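*Asks:* give me a model of this one.
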Amino acid sequence: MGNTFGHLFRITTFGESHGKGVGVIVDGCPPGVDLTEADIQPELDRRRPGQSKIVTPRKEADHVEILSGTFEGKTLGTPIAMVVHNADQRSEAYTEMATKFRPSHADYTYQEKYGIRAWPGGGRTSARETIGRVAGGAIAKKILRERFGVKILSWVQQVHKIAAAVDPDTVRVEDIEANIVRCPDAGLAEKMIRLIERTRRQGDSVGGIVGCVARGVPVGWGDPVFDRLEADLAKAMMSLPASKGFDIGSGFDGVLLSGKEHNDLFRAKRGQVYTTTNRSGGVQGGISNGESIHFRVAFKPTATVLVEQDTVDINHKNTTLKARGRHDPCVLPRAVPIVESMTALVLIDHALRHHAQCR
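*Replies:* Numbering: from 1, shown residues only. Next up is the predicted model:
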């Protein structure tokens, strides 16, 4: 049902937060791609918990194992199965959540829909599910980079009220990865880190915005009407845990401009067409126009806070709950590689679809 994403390049993720493991099955990967665990692991290392003082301290190495779909270091064109075994579950921290619903979590809705839920760690609704997305996205990023020359970068642009002015056309991975919050503005990064640390000590959480750019996307990717490129990107981003908003190009800021001010004017140079501005965000009519694709994703504050709050229990009786366990006071630093991965999954799928039907 809702566990599969993509058309020609498809991923199906599986596993629960406190189960034996989590993983993904990738179907539709072209044959002959050089692929080993060494291509996947660096992306998982950027996503894993315990990597810094401002993320959850859960100790997981998140070592990936490829179970199928490769032979002698190359993809076969058959389904690629990958798994990461869980090692540091502490389900006892969630015992109270077996009968009480955590505010703004999926506990209540899952219980009402299915009549059963894996309450330790949130089960399938935990952000640990995104391991499969990142593993599949690592393959997509590799193919996009090596076969199409497409590079994807994400960064933390805003934490709570601290906002950085980041140019998608010039932002560099070196600056993004230079600090633990993954903000390319070093000065503001330190302020963000201090805010997250202070919020964590208070048992609270903060949200913010992740920016993303895909450079080198050629003209023509995307399909009209319901499969517009930006529509698929929006679906991908809004499927992420804690995501609450998506805008592309000028986004909501575009309402402040007139049509004349907002239009991206065309120019031609040596037979190549380009636009003098990029308020469209690299997509027009649902199809890439050759400019960089750039967008933003808003993430809410982490729902688990370590203060007592009102809630109800499984019998729909009023009660209170003070959450326990290990949680991110801010999801943004670990969301960066996840946003990149979902972007890559959308783009590789459209790349394959385009080459199957282009003129």
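*Asks:* secondary structure element for Pro184?
*Replies:* Assigned by DSSP states H and E, Pro184 belongs to no helix or strand.
*Asks:* count the neighbours of it for me.
*Replies:* Neighbourhood size, Pro184 [other C-beta atoms under 10 Å]: 24. (Glycine included, C-beta is placed from N, CA and C.)
*Asks:* in the chain, what spans have low per-residue confidence?
*Replies:* Applying pLDDT under 70 to the chain flags residues 1, 58-59, 88-93, 325-326, 359.
*Asks:* and the residue sitting furthest away from the middle of the chain, how far from Val22?
*Replies:* No residue in the chain sits farther from the centre than Arg270, which is 37.6 Å out by C-alpha atoms, centre = their mean. According to C-beta to C-beta, to the nearest Å, Arg270 stands 49 Å off from Val22.
*Asks:* Asp253 now?
*Replies:* Taken as C-beta to C-beta, the span from Asp253 to Val22 is 37 Å.
*Asks:* quick check: Ile25 touching Phe5?
*Replies:* No. Counting by C-beta atoms under 8 Å, Ile25 stays clear of Phe5, with 11.4 Å between them.
*Asks:* what touches both of these two?
*Replies:* Shared contacts of Ile25 and Phe5 (C-beta atoms under 8 Å, 6 or more residues apart in numbering): 11-12.
*Asks:* just say helix, strand or coil for Met82.
*Replies:* strand (DSSP: H, G, I helix; E, B strand; the rest coil).
*Asks:* could you do Ala298 as well?
*Replies:* Assigned by three-state DSSP, the conformation of Ala298 is strand.
*Asks:* so Asn318 makes contact with Gln309?
*Replies:* No. Counting by C-beta under 8 Å, Asn318 sits too far from Gln309 to count as a contact (11.8 Å).
*Asks:* more neighbours: which of those two?
*Replies:* Relative neighbour count places Gln309 above the other of Asn318 and Gln309, with 12 against 8, counting by other C-beta under 10 Å.
*Asks:* list the contacts of that one.
*Replies:* By C-beta under 8 Å, 6+ apart, Gln309 lies in contact with 103, 320-322.
*Asks:* ditto for Ala61
*Replies:* Each residue near Ala61 by C-beta under 8 Å, 6+ apart is listed here: 48, 87.
*Asks:* check which helix or strand it maps to.
*Replies:* Using DSSP H and E, Ala61 sits within no helix or strand.
*Asks:* separation between it and Lys161?
*Replies:* Ala61 is 35 Å from Lys161, by C-beta to C-beta.
*Asks:* can you check Thr311 too?
*Replies:* 28 Å.
*Asks:* who has more neighbours, Asp253 and Val22?
*Replies:* Taking neighbours as other C-beta under 10 Å, Asp253 and Val22 compare with Val22 leading, 24 against 12.
*Asks:* would you map the strands across the stretch 251-359 of the chain?
*Replies:* Secondary structure of the stretch 251-359 of the chain (DSSP state E, counting those that start in this stretch): strands located at 266-269, 272-275, 283-284, 287-288, 293-299, 309-312, 318-321.
*Asks:* need the helices for this protein, in chain order.
*Replies:* 37-47, 107-114, 130-143, 173-176, 186-201, 229-238, 259-262, 332-357 (DSSP state H).
*Asks:* return the most buried member of the ones you listed.
*Replies:* Ranked by mean neighbour count under mean count of other C-beta atoms under 10 Å, the helices of the chain are led by helix 130-143, which reaches a mean of 26.
*Asks:* what helices and strands are in contact with that one?
*Replies:* Packing partners of helix 130-143 (3 or more C-beta pairs under 8 Å, 6 or more residues apart in numbering; DSSP states H and E): strand 10-15, strand 21-27, helix 37-47, strand 80-85, helix 332-357.
*Asks:* the inter-axis angle of the longest one versus strand 10-15?
*Replies:* Between helix 332-357 and strand 10-15, the angle formed by their directions is 150 degrees, by axes from the mean of the first three to the mean of the last three C-alpha atoms, to 10 degrees.
*Asks:* helix 332-357 versus helix 186-201: what angle between them?
*Replies:* Here helix 332-357 points in a direction 120 degrees away from that of helix 186-201 (the same axes, to 10 degrees).
*Asks:* distance of Ser68 from Thr343?
*Replies:* Distance of Ser68 to Thr343, given as C-beta to C-beta: 26 Å.
*Asks:* whoops, Val213 was the one
*Replies:* For Val213, the distance to Thr343 equals 9 Å [C-beta to C-beta].
*Asks:* cool, and Gly208?
*Replies:* 18 Å.
*Asks:* His327 too?
*Replies:* 26 Å.
*Asks:* equivalent analysis for Thr75, please.
*Replies:* 21 Å.
*Asks:* and Leu144, by the same measure?
*Replies:* Computed as C-beta to C-beta, the Leu144 to Thr343 distance reads 9 Å.
*Asks:* shared neighbours of these two, which are they?
*Replies:* Taking C-beta under 8 Å, 6+ apart as the criterion, Leu144 and Thr343 both touch Ile152.
*Asks:* right, and the helices of the chain - which one's nearest His85?
*Replies:* helix 130-143 (10.6 Å; C-beta to C-beta).
*Asks:* what angle do the closest one and helix 229-238 make?
*Replies:* Inter-element angle recorded for helix 130-143 and helix 229-238: 140 degrees (by the same axes, to 10 degrees).
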